[in-house]
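>>> fold the following for me, if possible:
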Amino acid sequence: MSTKARILEVAAALVAESPNGDVSTRAVCEAAGVGAPALYRHFGDKEGLLSAVVDNGWDKYLATKRDRAPGTDPVQDLRDGWDTHTEFALQNPNLYRLMNSPAMRTPPAAALESHQILTSDLQRAAEQGKLRLAPELAAQIIMSANVGVALMLVSRPATFTDRSVSRRVRDAVHATVFTTDVTDSRDSRTSSVTAPAGTGVPATATRLGALIRQTPSPAFTPAERGLLTEWLDRLSNTPGDH
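The predicted structure is shown next:
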């Protein structure tokens, strides 16, 4: 194992074992059996080291998603994706808090990849007419809620003692982004939250926008296609019934 890999492995282990998720460069150097110059040469400073730990954490998280073959039901894939996200946070609480810390200067490329995977699943749902919002907006809503509930579970365990809160929030959020027929069919089996009625126009606009993006029509110029998808996104994302 290289010196750099050993330092990173030790830092990740100390982060996981730390009562508050913080580590000192001195402790890392002592545990790795290296001098401070070696750490600074490979990582620059403490923030650079923690950024490397975060990158490694994201790679670990994405390992559960990169090789996953899409199922026939994108809604179930999205439900499973939410649950595995929360489970990863519960299994790696200190790392997860660090991965989502606002102190990180720039979001890791892997974090953007995670968002792209979510958006891709939502795109499939839109193509099947199961989404009532544009995939990009739905991805922002789902990611915000999933990260939020996971952070509460790992940061305030004394208050958030019931882990089923994640599933309840998941169902409430999914009832907002998926069409009523999708959530109604699941309600009969899981007693999840029912979406409001009146989603016909948004769902239709969302599906049409997704299909146009997937298979651009030669009937429109690129500028016309861009304008059309912009209009469809407005119909998809405007609050309230249509």
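>>> once you drop chain neighbours, what's closest to residue 126?
The shortest distance from residue 126 to any non-neighbouring residue, by Cβ to Cβ, 6 or more residues apart in numbering, is to residue 210 (3.6 Å). Just so you know, the C-beta spots here come from the backbone N, C-alpha and C atoms, and that holds for glycine as well.
>>> I figured the one you found was touching residue 123, is that so?
Yes - between residue 210 and residue 123 there is a contact at 5.7 Å, judged by Cβ atoms under 8 Å.
>>> the two: who's more crowded?
More neighbours surround residue 210 than the other of residue 210 and residue 123, with 24 against 21 (other Cβ atoms under 10 Å).
>>> residue 129 reaches residue 203, doesn't it?
Yes - taking Cβ under 8 Å as the definition, residue 129 is a contact partner of residue 203 at 6.1 Å.
>>> check which residues of stretch 23-36 are buried.
Under the neighbour-count criterion of 16 or more other Cβ atoms under 10 Å, stretch 23-36 has 23, 25, 28-29, 31-32, 34 buried.
>>> of those residues, closest to residue 141?
In terms of Cβ to Cβ, no member of the buried residues of stretch 23-36 lies closer to residue 141 than residue 23, at 34.0 Å.
>>> for that closest one, give me the pLDDT.
Residue 23 carries a pLDDT score of 87 in this model.
>>> one more: residue 126?
pLDDT, residue 126: 92.
>>> please name the nearest non-neighbouring residue to the residue of the chain most remote from its centre.
In the chain, the residue that sits farthest from the middle, by Cα atoms, centre = their mean, is residue 35; the gap is 37.1 Å. Excluding the flanking residues, the one nearest residue 35 by Cβ to Cβ, 6+ apart is residue 29, at 6.3 Å.
>>> next one: the most centrally placed residue in the chain, what pLDDT does it get?
In the chain, the C-alpha nearest the mean C-alpha coordinate belongs to residue 143, at 4.5 Å (Cα atoms, centre = their mean). Reported pLDDT at residue 143 in the predicted model: 96.
>>> spit out the contact partners of it.
Contacts for residue 143 (Cβ atoms under 8 Å, 6 or more residues apart in numbering) come out as 115, 118.
>>> shouldn't it be within a strand?
No - going by DSSP: H, G, I helix; E, B strand; the rest coil, the assignment for residue 143 is helix, not a strand.
>>> low-confidence ranges in this protein?
Applying pLDDT under 70 to the chain flags residues 104-106, 183-199, 239-242.
>>> can you rerun that using 90?
Applying pLDDT under 90 to the chain picks out residues 1, 18-23, 45-48, 50-52, 54-72, 98-114, 132-133, 179-242.
>>> helices of that one, residue ranges please.
Using DSSP state H, the helices of the chain run over residues 3-17, 25-32, 36-43, 46-66, 74-91, 93-99, 109-127, 135-155, 164-177, 180-190, 200-214, 222-237.
>>> for residue 18, phi and psi?
With angles defined as degrees, to the nearest 10, residue 18 sits at phi -70, psi 140.
>>> need the contact list for it.
Counting by Cβ under 8 Å, 6+ apart, residue 18 makes contact with residue 94.
>>> any idea how far it lies from residue 39?
17 Å (Cβ to Cβ, to the nearest Å).
>>> surely residue 205 touches residue 230?
No - counting by Cβ under 8 Å, residue 205 sits too far from residue 230 to count as a contact (11.2 Å).
>>> more neighbours, the two?
Higher neighbour count among residue 205 and residue 230: residue 205, with 24 against 10, using other Cβ under 10 Å.
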